[in-house]
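[1] generate coordinates for the sequence data below:
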Amino acid sequence: MFVEILPNVLGPILVEFTVRLGYAIFTIATLSFLGFGVQLPTPDWGADIANNYSYIAAGYWWQTLFPALAIASLVIAVNLIGDSIEAVLIQ
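    Reported below is the predicted structural model:
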């Protein structure tokens, strides 16, 4: 099984894992933004966005933008790493 089946399913399993990891990151950030996730004073990007969301109208948009970009960058990086690992395994 490890010689015949595992090499054929390892790539799709890794891609599925990285996609689901991205969903988990977005879910945790969303729950923290809504107040149901990690509680203060524990640092969390979703909580940072929620705490600074009201400052957007005052012109302090970067306090919300940078944690959101950090979340998006992390998810994109995880997906790119998973795709790269799959490309290496296919060869």
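[2] just the buried residues of the helix or strand L21 falls within, please?
    Here L21 sits within helix 6-34, counting by DSSP states H and E. Judged by neighbour count (16 or more other Cβ atoms under 10 Å), helix 6-34 contains these buried residues: 11, 14, 18, 21-22, 25, 28-29, 32-33. Just so you know, the C-beta spots here come from the backbone N, C-alpha and C atoms, and that holds for glycine as well.
[3] next one: stretch 35-54
    So for stretch 35-54, counting by 16+ other Cβ under 10 Å, buried means 37, 44-50, 52.
[4] only alpha carbons, please: show that stretch as PDB.
    Provided in PDB are the C-alpha atoms of stretch 35-54 (Å, rounded to 0.1, in the frame of the first residue of the first chain):
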ATOM      1  CA  GLY A  35     -16.000  38.400  19.300                       C
ATOM      2  CA  PHE A  36     -16.400  34.600  19.500                       C
ATOM      3  CA  GLY A  37     -12.800  33.600  19.000                       C
ATOM      4  CA  VAL A  38      -9.700  34.200  21.100                       C
ATOM      5  CA  GLN A  39     -10.400  36.600  23.900                       C
ATOM      6  CA  LEU A  40      -8.300  39.600  24.900                       C
ATOM      7  CA  PRO A  41      -5.400  40.100  25.900                       C
ATOM      8  CA  THR A  42      -4.300  37.200  23.600                       C
ATOM      9  CA  PRO A  43      -3.000  38.600  20.400                       C
ATOM     10  CA  ASP A  44      -5.000  37.700  17.300                       C
ATOM     11  CA  TRP A  45      -5.200  39.300  13.900                       C
ATOM     12  CA  GLY A  46      -9.000  39.100  13.800                       C
ATOM     13  CA  ALA A  47      -9.300  40.800  17.100                       C
ATOM     14  CA  ASP A  48      -6.900  43.500  16.000                       C
ATOM     15  CA  ILE A  49      -9.100  44.200  13.000                       C
ATOM     16  CA  ALA A  50     -12.200  44.300  15.200                       C
ATOM     17  CA  ASN A  51     -10.600  46.700  17.700                       C
ATOM     18  CA  ASN A  52      -9.400  49.100  15.000                       C
ATOM     19  CA  TYR A  53     -12.400  48.800  12.700                       C
ATOM     20  CA  SER A  54     -14.000  52.000  14.000                       C
END
